[in-house]
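Q: need a 3D model of the following:
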Amino acid sequence: MSEPWLRGPIDGVDALVSPLLFSFQQAIEDLHLCIDGLTPEQIWCRPQGLTPLGFHVRHAGGAAERLATYLRGESLTEAQLESMRMESNPGADPGELLAELEEALNRVAAYARTIPAASLRQVRHVGRLRLPTTVQGLLVHIAEHTQRHVGQAVTTARLLRLRGLD
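A: The predicted model follows:
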């Protein structure tokens, strides 16, 4: 099967928003492949002192949702900040982590599908310092940030298998 971005346009989604949705689909597909067969212990271990694979999966979804809050022009809630502090907590198994990620990315994707092209240049502010960006800037960052953590998870999974930890 081809990569999501090569499967054609997404009906009803502006071509400038579609890359985010393609990124999410690629993330889900790649993580399903790399996590398959790993145990919770492996997912939360720190091979060579690296950040656990489980953190990257959990953080990808959590960060996407937090960034989508800024996309909507809102500020983070205490619940979101607490959730961010809990991202490193071990325990979730592969199925739970993937379900959490898919739910988070689906919520962000549902909102992104409603973004009109005319709003892409609108200013948005990020964080307590209210750093300036645009709707398009946030869409791009959400996609690249998600892929950054997926790449780290995939690399960590490969290291686990190479070291015979599976």
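Q: what helix or strand is the most centrally placed residue in the chain on?
A: When Cα atoms, centre = their mean is applied to the chain, the residue found nearest the centroid is Ala60 (3.1 Å). In the assignment (DSSP states H and E), Ala60 maps to helix 53-71.
Q: how about the residue nearest to the centre of the chain, what does it touch?
A: Residues in contact with Ala60 (Cβ atoms under 8 Å, 6 or more residues apart in numbering) are Ala27, Leu101, Leu105, His145, Thr146, His149, Val150, Ala153. C-beta coordinates here come from the backbone N, C-alpha and C atoms, glycine included.
Q: pretty sure the second one is touching Ala27, no?
A: It stands for Leu101. Yes: the pair Leu101 / Ala27 is scored as a contact, 7.5 Å apart, by Cβ atoms under 8 Å.
Q: one step back: now the contacts of Ala60 in a markdown table, with pLDDT?
A: Shown next, in a markdown table, are the contacts of Ala60 (pLDDT from 0 to 100):
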| residue | pLDDT |
| --- | --- |
| Ala27 | 97 |
| Leu101 | 97 |
| Leu105 | 98 |
| His145 | 98 |
| Thr146 | 98 |
| His149 | 98 |
| Val150 | 97 |
| Ala153 | 97 |
